[in-house]
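Peer 1: Everything below, folded, please.
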Amino acid sequence: MMLDLGPFSDEKFDPKKWINSACKTRHPQDSLDKHMVDLEMKLQMVSEEIAASLEEQSAASLLRVPRATRDVLRLRDDAVSLRNSVAGILDKVKKAEGSSAESIAALAKVDTVKQRMEAAYETLQDAAGLTQLSATVEDVFASGDLPRAAETLANMRHCLSAVGEVAEFANIRKQLEVLEDRLDTMVQPRLTDALSNRKVDVAQDLRGILIRIGRFKSLELHYTKVHLKPIKQLWDDFDSKQRASKLANEKSEVERLSSSNESQSSSLTVSFSSWLPSFYDELLLYLEQEWKWCMVAFPDDYKTLVPKLLMETMAAVGSSFVSRINLATGEVVPETKALAKGILDILSGDLQKGSKIQTKHLEALIDLHTMTGIFARNIQHLFSESDLRVLMETLKAVYFPYESFKKRYGHMERAIISSEIAVVDLRGAVTRGVGAQGIELSETVRRMEESIPQVIVLLEAAVERCISFTGGSEADELILALDDIMLQYIATLQDTLKSLRVVCGVDHKDLGLDKKEGAQNSRKVDLISNEEEWSIVQGALQILTVADCLTSRSSVFEASLRATLARLSTSLSVSVFGSSLDQNQLHVTNDDGNGEPALGGRAALDVAAVWLVDVPEKARKLFNLLVQSKDPRFHALPLASQRVAAFAESVNELVYDVLISKVRQRLSNVSRLPIWSAVEEQSAFPLPTFSAYPQSYATSVGEYLLTLPQQLEPLAEGISNSDANNDEAQFFATEWMFKVAEGATALYMEQLRGIQYITDRGAQQLSVDIEYLSNVLSALSMPIPPVIATFQTCLGTPRDQLKDLLKSDSGNLQLDLPTANLVCKMRRVNLDQ
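Peer 2: Model (predicted):
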């Protein structure tokens, strides 16, 4: 058995525990005594081995101590010696440093003098060479060697820059400028021939000459001049076709008049919109050919030369382009076509006052802009290797003819939508009169409801036109225009609503009627039949659908408008606000390593970005709008939203006035009924002298209130069908029922408070009337107001018991005390006695 010595090194070693554990490990056949003896012997042997090992290691340690001491002393001596050596070296370095700094400073001065002497020597050489070159340059020009002449002029320029502004060489400087112009003039005819006849080698040599004398601008101008002429011929081809078409039409007209044929002659006029795509195709083909040729002839310059040619082309035809666009927009409408005028003429007021911009005008403009957009994308693809800044300037030139139209986009859109909405007829076609109110009301309400989706469609079309034409750059102007148009439309609805109040009999005076006619209309309202009356009620309730439709459709449109602004914010923030407004970043996103513009670069070439890059103030204004549109509280049409809510309130007010009008009419004279002051008639028989039934005014109001839920049911069903929400429909009907019932109760209480005196007979009759109306309110699940209940209780109580009733109720508070006191006053009961 091996002994584990690990437990003996533990600080918490327990001998008893260890012995008990060792006894448990014995073999069952071994006796305990034998096991203990063996264990004791093993422990003794292990202890002897440990003691021997300690003695041996101690002796070895005693032998090592003297040797280690000697090693430590030797290391200390070496360290002292090394420290002394390092100190000596540091002293030598300090001495050397002082003397070296002085030497280096002296050498630097000598080097400066040397450099100045060399510069002076070179300047003298340049001055001598400049004088020599000036004397021999005429001979070089006379030889006709243009490359040598260019090299001579370049050397003269270098020498002049070396000598600086020296008075002695002022004449040579002027001479150099004249000579450079002279060489440029000599190069031009040869360059024209090389460019025209596609002579690559000659063109490259002549380019080198111009570059050598610093006249690259001259190369650009001459290249543009050579190629602008054939492109200009392509543009003027439209005028030629127009003149030829005009002559052909005149000839055809003469032949038609001279012959007996009376048939109409066909027009052969070529429209600009049909001709423009072919022009763009021919121009693109020309530019592609030039791009390929310049890649070979001018490999270092083709990325700027060909775009420069296109920019100069658009600048040359710019004013003519604008004029043709203007006339093309006018050709789609017969009125402006006959006058040979367009959108700009209408906006400037050159046409007669009745002329307005129509949707066709703007659609024609958008069609032309779409053609230009296709051409711009082709140009972007063709010039994809050019620098982003060059591409931006090129596309700006392509879209330049539309700038004057985009600047007035807001005015155009506002005029178009205003004229379209003005056509919408909201009034019914029936002449007002007795028996016709209900028909006119329903017809007008129908037209109002149908006009709402029509107007929303017009507004949505305006948003689409804005995106198509401006790419969203005029979104701020569009928002203002839409808000104004919505205000105009809602104002029309409000005016129609005011006129409907007269039709419904709520307002008894009409614009344009004198007092006599107003009184006649008031009497006509009283003559309206019950069927006509309910027809008016149904028509008035239908107005609620108009308000609901306007609220829902306008909110949906505003939500879609916010979504459009959010999309614009994402696209334009990358292009304009992230790169183009920061001119220092334009070239950073120029290339993604594949020869294509990077993401930011491509976005920066968007049509909106191209337009906004030159108008930073407008861009910041638009950016602020787009940032605000991300706020959930943002209203794209703030004024219109307020007016929509105001219109809904006006509709609710009109509907309530219509529903309560019959109640108001029936209760108008209740406080002055003669029965309240009637005295009981003496009779020989003990029969009741008061009516046991409610009076006609009470039954009329009650029947009206009980019939009202049936009138509200069709409208509630319409809401349920449209919204698939029966609970909402039920709530709607209940809400209006309660409004009318509460209004009727308030009117009735007002009339009751107006009674000055009431006899016992009148009190009994009024108690019956109140009880009937209270039963009606209960049938409608309407709580009985405490004032009404107090009137009924006090009026139903005999006059001599009224004082006791008030005293007995003073602690219970079941009666409304002010009302009870008022009834006592009406019945001439003195509470003070």
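
Peer 1: Extract the C-alpha set from stretch 21-37 and format it as PDB.
Peer 2: As requested, the backbone C-alpha atoms of stretch 21-37 are provided in PDB (Å, rounded to 0.1, in the frame of the first residue of the first chain):
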ATOM      1  CA  SER A  21      -9.900   6.600   6.900                       C
ATOM      2  CA  ALA A  22      -6.800   4.400   6.500                       C
ATOM      3  CA  CYS A  23      -8.500   1.700   8.600                       C
ATOM      4  CA  LYS A  24     -11.500   1.700   6.200                       C
ATOM      5  CA  THR A  25      -9.200   0.900   3.300                       C
ATOM      6  CA  ARG A  26      -7.900  -2.400   4.800                       C
ATOM      7  CA  HIS A  27      -8.800  -5.700   3.100                       C
ATOM      8  CA  PRO A  28     -11.700  -7.500   4.800                       C
ATOM      9  CA  GLN A  29      -9.600 -10.700   5.400                       C
ATOM     10  CA  ASP A  30      -6.700  -8.700   7.200                       C
ATOM     11  CA  SER A  31      -7.000  -8.300  10.900                       C
ATOM     12  CA  LEU A  32      -7.100  -4.800  12.300                       C
ATOM     13  CA  ASP A  33      -4.000  -5.200  14.400                       C
ATOM     14  CA  LYS A  34      -1.900  -6.400  11.500                       C
ATOM     15  CA  HIS A  35      -3.200  -3.500   9.300                       C
ATOM     16  CA  MET A  36      -2.300  -1.000  12.000                       C
ATOM     17  CA  VAL A  37       1.200  -2.500  12.400                       C
END
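
Peer 1: Rounded mean pLDDT for it, please.
Peer 2: In this model, stretch 21-37 has an average pLDDT of 79.

Peer 1: Same check on stretch 671-688?
Peer 2: Taken as a whole, stretch 671-688 carries a mean pLDDT of 71.

Peer 1: so Ile794 touches Val823, yeah?
Peer 2: Residue 794: Cys, not Ile. Yes. With contact defined as Cβ atoms under 8 Å, Cys794 and Val823 form a contacting pair (3.9 Å). In short, each C-beta sits where N, CA and C put it, glycine included.

Peer 1: overlap in contacts of these two?
Peer 2: Residues touching both Cys794 and Val823 (Cβ atoms under 8 Å, 6 or more residues apart in numbering) are Leu802.

Peer 1: following the one helix or strand Ala316 maps to, which helix or strand comes up?
Peer 2: Element membership for Ala316 (DSSP states H and E) is helix 302-330. In the C-terminal direction, the helix or strand that comes right after helix 302-330 (DSSP H and E) is helix 334-339.

Peer 1: Only the buried residues of that following helix, if you could.
Peer 2: Within helix 334-339, the residues that count as buried by 16 or more other Cβ atoms under 10 Å are 336, 339.

Peer 1: which helices and strands does it pack with?
Peer 2: In this structure, helix 334-339 packs against helix 302-330, helix 343-348, with contacts taken as 3 or more Cβ pairs under 8 Å, 6 or more residues apart in numbering; DSSP states H and E.

Peer 1: Of the ones you listed, which is nearest Val226?
Peer 2: Distances from Val226 to each of those were compared using Cβ to Cβ; the shortest belongs to helix 302-330, at 9.3 Å.

Peer 1: Give me the helices and strands touching the closest one, please.
Peer 2: Taking 3+ Cβ pairs under 8 Å, 6+ apart as the contact definition, the neighbouring helices and strands of helix 302-330 are helix 216-258, helix 272-297, helix 334-339, helix 343-348, helix 359-382, helix 388-399.

Peer 1: one more time with 10 Å, if that's ok
Peer 2: helix 216-258, helix 272-297, helix 334-339, helix 343-348, helix 359-382, helix 388-399, helix 403-407 (3 or more Cβ pairs under 10 Å, 6 or more residues apart in numbering; DSSP states H and E).

Peer 1: quick revisit: mind telling me which of the helices and strands packed on helix 334-339 the model trusts least?
Peer 2: Ranked by mean pLDDT, those end with helix 343-348 in last place, scoring a mean of 83.

Peer 1: Show me what it is in contact with.
Peer 2: 322-323, 325-330, 333, 335-336, 339, 341, 350-351, 355-358, 361-362, 364-365, 404-405, 408, 411-412, 415 (Cβ atoms under 10 Å, 6 or more residues apart in numbering).

Peer 1: List the buried residues of it.
Peer 2: Of the residues in helix 343-348, those scored as buried under the neighbour-count criterion (16+ other Cβ under 10 Å) are 343-347.

Peer 1: now swap in stretch 454-465 and tell me
Peer 2: Neighbour counts using 16+ other Cβ under 10 Å place 455-456, 458-459, 461-463, 465 of stretch 454-465 among the buried residues.

Peer 1: The helix holding Ala316 relative to helix 359-382, how many degrees between them?
Peer 2: Interaxial angle, helix 302-330 versus helix 359-382 (axes from the mean of the first three to the mean of the last three Cα atoms, to 10 degrees): 170 degrees.

Peer 1: Point out where the stretch 1-150 of the chain drops to low pLDDT.
Peer 2: Across the stretch 1-150 of the chain, the ranges flagged by pLDDT under 70 are 1-3, 98-99, 116, 118-146, 148, 150.

Peer 1: Show me what the strand or helix carrying Ser641 is packed up against.
Peer 2: For Ser641, the element it lies in under DSSP H and E is helix 638-666. Other elements packing on helix 638-666 under the criterion 3+ Cβ pairs under 10 Å, 6+ apart are helix 437-470, helix 475-503, helix 515-526, helix 530-572, helix 696-723, helix 726-753.

Peer 1: name the helices or strands packed onto the second one?
Peer 2: Read that as helix 475-503. In this structure, helix 475-503 makes packing contacts with helix 409-423, helix 437-470, helix 515-526, helix 530-572, helix 616-628, helix 638-666, judged by 3+ Cβ pairs under 10 Å, 6+ apart.

Peer 1: What are the buried residues along that helix?
Peer 2: By neighbour count on 16+ other Cβ under 10 Å, the buried set for helix 475-503 is 475-486, 488-490, 492-493, 496-497, 499-503.

Peer 1: Same question for the last one.
Peer 2: Along helix 726-753, the positions that meet the burial threshold by neighbour count (16+ other Cβ under 10 Å) are 729, 732-733, 736-737, 740-741, 743-745, 747-748, 751-752.

Peer 1: cool, stretch 310-319 as well?
Peer 2: Taking 16+ other Cβ under 10 Å as the neighbour-count basis, stretch 310-319 is seen to contain the buried residues 310-314, 317.

Peer 1: on that earlier part again, the helix holding Ala316 vs helix 216-258, what angle?
Peer 2: Using the same axes, to 10 degrees: helix 302-330 against helix 216-258 is 30 degrees.

Peer 1: Helix 302-330 relative to helix 409-423, how many degrees between them?
Peer 2: Taking the same axes, to 10 degrees, one finds helix 302-330 and helix 409-423 inclined to each other by 30 degrees.

Peer 1: Give me the angle between helix 302-330 and helix 272-297.
Peer 2: Interaxial angle of helix 302-330 relative to helix 272-297 (the same axes, to 10 degrees): 180 degrees.

Peer 1: Name the single longest helix found in this protein.
Peer 2: Ordering each helix of the chain by length in residues (DSSP state H) puts helix 32-143 first.

Peer 1: mind putting the buried residues of stretch 454-465 in TSV, pLDDT included?
Peer 2: Converted to TSV, the buried residues of stretch 454-465 look like this (pLDDT from 0 to 100):
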residue	pLDDT
Val455	93
Ile456	93
Leu458	92
Leu459	93
Ala461	93
Ala462	93
Val463	93
Arg465	92
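
Peer 1: So which of the residues you listed is the closest to Arg666?
Peer 2: For Arg666, the nearest member of these is Val455. The distance, counting by Cβ to Cβ, is 39.8 Å.

Peer 1: Next, the contact list for the closest residue to that closest one other than its chain neighbours, please.
Peer 2: Beyond its immediate neighbours in the sequence, the residue positioned closest to Val455 (Cβ to Cβ, 6 or more residues apart in numbering) is Tyr489, lying 5.4 Å away. Taking Cβ under 10 Å, 6+ apart as the criterion, Tyr489 is in contact with 417-418, 421-422, 424, 426, 451-452, 455-456, 458-459, 550, 554, 640, 643, 647.

Peer 1: Residue ranges in the stretch 351-500 of the chain under the pLDDT threshold?
Peer 2: Filtered on pLDDT under 70, the stretch 351-500 of the chain yields the residue ranges 351-355, 427-439.
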